[in-house]
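Chemist: Sequence first, then the predicted structure:
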Amino acid sequence: MNGTTEAKPNGILSQPPESTFDLPNLTCDPETWKNQPLVSVKQISSPGGLRLLHATALSMRDLVRDQGGDDRLKHRVLASIFYEPSTRTSCSFQTAMLRLGGKYLHVDASSKSGSSTKKGETLADTVRCLECYADVTVLRHPQTGSVGQVASVPSRARGIINAGDGVGEHPTQALLDLFTIVDELRLLDENQDQDERVVQNPLTIVMLGDLKNGRTVHSLAKLLARAARLYIRRPILLRYCSPSGLEMPFYVREYVSYIAGSTIIQQDISDIMQAINGANVLYVTRIQKERFEDLNEYEAVKGAYVVDAKLMKVAPRNMVVLHPLPRVDEISTEVDTDQRAAYFRQMENGMYVRMAILALILGKP
């Protein structure tokens with residue numbers, strides 16, 4: 001795809017794509033979070049829920065920096081079960097639980113002997129058994145929609161958190177990404193003296209890399225659709241920059257258009273220099289080798305875009321660079337010392353946001 005094209009769905013949608021079934025809305029009332037699942041960013045349907053999470057995460061950051069943590073989740077247990085490899089997500093959830101006085105048990109189901117699914121046990125039964133030992137469960141699974149299916153069991157009385165379901169969603173990553181964007185750009189400080197009208201100066205966010213398989217960008221785009229008008233209170237220009245064949249899926253674009261309307265404009269820009277022109281945020285994702293059935297196809301797109309010192313010299317002075325990590329070769333290590341490189345601060349924020357989520361779901365915010 002060459003040049004710039006606006007990405008718009010055909011026709012008028014009568015309902016949002018990918019309905020969230022009967023998953024609960026998570027609002028400004030902490031009681032709506034208690035013992036509830038967090039499967040999709042679409043559950044946070046009002047700006048009050050985002051404000052509550054943001055304020056709670058800020059308080060967690062202050063707590064850690066001042067005292068290291070507290071014991072509000074003492075005698076509570078987190079169960080984490082990961083059917084795909086994880087370092088940052090699993091460790092940040094575990095550390096979040098420890099800093100609030102709780103404990104965790106971890107099942108690495110990605111290994112050959114990691115769980116009883118190797119014996120034929122269903123995912124629902126595995127999670128149900130873990131819930132006999134724990135107060136909240138964090139689940140990562142390669143099948144899109146799998147966490148939602150587990151969460152929809154009517155008898156479930158404990159919270160379950162989606163830590164990534166295939167190429168579907170990664171809601172806690174999107175929430176920490178939004179927290180970081182707001183924090184780095186001081187968007188709430190900027191808006192605190194504004195009335196309820198949307199600030200007219202648009203926020204330009206570039207999503208770069210494997211947008212087809214990247215669940216982080218899928219969740220973030222959906223979350224921005226909900227946050228633009230009433231939380232960030234600014235129009236957003238979403239620029240999608242990806243190799244041919246790895247474009248943002250139509251169903252994500254469709255959802256963004258339905259929810260945000262004219263508040264968000266979506267564009268495809270294949271040239272990285274053109275994409276970062278005037279950008280506030282550059283969100284980089286790796287090409288996901290594990291999602292390719294044909295490695296020749298992966299080799300053909302590997303290294304298509306690289307953020308290096310040369311690119312940063314011509315990038316906007318205040319542009320923030322984010323990445324969910326791990327990185328391969330898409331961001332050069334020479335960028336790490338640039339003050340605009342916020343991806344390690346982003347990772348630290350992940351702990352604070354996940355501390356806030358655990359505290360809310362366990363009723364101890």
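Modeler: Structure's in. What do you need? Quick caveat: nothing in here was measured; it's all calculated off a predicted structure.
Chemist: Show me where the stretch 1-150 of the chain has its strands.
Modeler: 4-6, 77-82, 103-108, 136-141 (DSSP state E, counting those that start in this stretch).
Chemist: Roughly how far does residue 364 sit from residue 136?
Modeler: 11 Å (Cβ to Cβ, to the nearest Å). In short, each C-beta sits where N, CA and C put it, glycine included.
Chemist: Kindly list the single helix or strand of the chain that scores lowest on mean pLDDT.
Modeler: Lowest mean confidence among the helices and strands of the chain (mean pLDDT, DSSP states H and E): strand 4-6, at a mean of 47.
Chemist: what's the longest helix anywhere in the chain in contact with?
Modeler: Looking across the chain with DSSP state H, the single longest helix is helix 47-67. Applying Cβ atoms under 8 Å, 6 or more residues apart in numbering, the contact partners of helix 47-67 are 25-30, 32, 44, 69-70, 99, 175, 178-179, 182, 188, 226-227, 230-231, 349, 351-353, 355-357, 359-360, 365.
Chemist: likewise stretch 302-321?
Modeler: Contacts for stretch 302-321 (Cβ under 8 Å, 6+ apart): 180-181, 184-185, 208-209, 241, 243, 272-273, 276-282, 284, 287, 289, 328-332, 334-335, 338, 340-343.
Chemist: Can you flag the buried ones in the contacts of helix 47-67?
Modeler: The neighbour-count test (16 or more other Cβ atoms under 10 Å) marks 26-27, 30, 32, 44, 69, 99, 175, 178-179, 182, 188, 226-227, 231, 349, 351-353, 355-357, 359-360, 365 as buried among the contacts of helix 47-67.
Chemist: ok, the spatially most central residue of the chain - contacts?
Modeler: Compute the mean C-alpha point of the chain, and by Cα atoms, centre = their mean the closest residue is residue 174, 1.9 Å away. Going by Cβ under 8 Å, 6+ apart, residue 174 touches 41, 216, 219, 220, 222, 223.
Chemist: Residue 364 and residue 136: which has the busier surroundings?
Modeler: residue 136 (26 against 18; other Cβ atoms under 10 Å).
Chemist: Quick check: beta-bridge partners of that one?
Modeler: Residue 136 forms beta bridges with residue 78, residue 159, as assigned by DSSP bridges.
Chemist: which ones are touching it?
Modeler: 76, 78, 79, 158, 159, 160, 161, 358, 361, 362.
Chemist: and stretch 206-218, how far apart are its ends?
Modeler: 13 Å (Cα to Cα, to the nearest Å).
Chemist: nope, stretch 73-90 is what I meant
Modeler: Using Cα to Cα, one end of stretch 73-90 lies 18 Å from the other.
Chemist: quick one: low-confidence parts of the chain?
Modeler: 1-21, 112-119, 155, 190-199, 288-301, 303 (pLDDT under 70).
Chemist: rerun that using 50 as the cut-off
Modeler: Residue ranges of the chain with pLDDT under 50: 1-20.
Chemist: quick one on the thing from earlier: give me the buried subset of the contacts of residue 174.
Modeler: Buried, going by 16+ other Cβ under 10 Å: 41, 216, 219, 220, 222, 223, out of these.
Chemist: Which of the helices or strands spans the fourth one?
Modeler: In this case it means residue 220. helix 215-227 (DSSP states H and E).
Chemist: Quick one: work out the angle between that helix and helix 47-67.
Modeler: 120 degrees (axes from the mean of the first three to the mean of the last three Cα atoms, to 10 degrees).
Chemist: Show me what helix 215-227 is packed against.
Modeler: Applying 3 or more Cβ pairs under 8 Å, 6 or more residues apart in numbering; DSSP states H and E, one finds that helix 215-227 makes contact with helix 47-67, helix 171-185, strand 203-208, strand 236-241, helix 250-260.
Chemist: can you count the residues close to residue 211?
Modeler: What residue 211 shows, counting by other Cβ under 10 Å, is a neighbour count of 23.
Chemist: what's the spacing between it and residue 269?
Modeler: Taken as Cβ to Cβ, the span from residue 211 to residue 269 is 12 Å.
Chemist: Common neighbours of those two, please.
Modeler: residue 240.
Chemist: got a list of what the nearest residue in space to residue 151 that is not next to it in sequence touches?
Modeler: Of all residues beyond its chain neighbours, the one nearest residue 151 is residue 37 (3.8 Å), with distances taken as Cβ to Cβ, 6 or more residues apart in numbering. Neighbour list for residue 37: 23, 24, 147, 151, 156, 159, 160, 161, 162 [criterion: Cβ under 8 Å, 6+ apart].
Chemist: count of neighbours near the first one?
Modeler: Here the count is done by other Cβ under 10 Å, and residue 23 has 17 residues near it.
Chemist: How about the contacts made by it?
Modeler: 37, 39, 40, 42, 43, 148, 151, 152.
Chemist: Might one say that the fifth one is in contact with residue 26?
Modeler: I take that to be residue 43. Yes: the criterion here is Cβ atoms under 8 Å, and residue 43 meets it with residue 26 at 5.0 Å.
Chemist: Just the buried positions in stretch 315-325, please.
Modeler: 315, 316, 319, 320, 321, 322, 323, 324, 325.
Chemist: how distant is it from the center of its chain?
Modeler: 16 Å (Cα atoms, centre = their mean, to the nearest Å).
Chemist: Could you pull out the strands in the stretch 251-365 of the chain for me?
Modeler: 264-269, 281-284, 320-322.
Chemist: Can you say which of the ones you listed is packed in most?
Modeler: strand 281-284 (a mean of 26; mean count of other Cβ atoms under 10 Å).
Chemist: in its sheet, what does it sit against?
Modeler: By DSSP bridges, strand 281-284 pairs with strand 203-208 (parallel), strand 320-322 (parallel).
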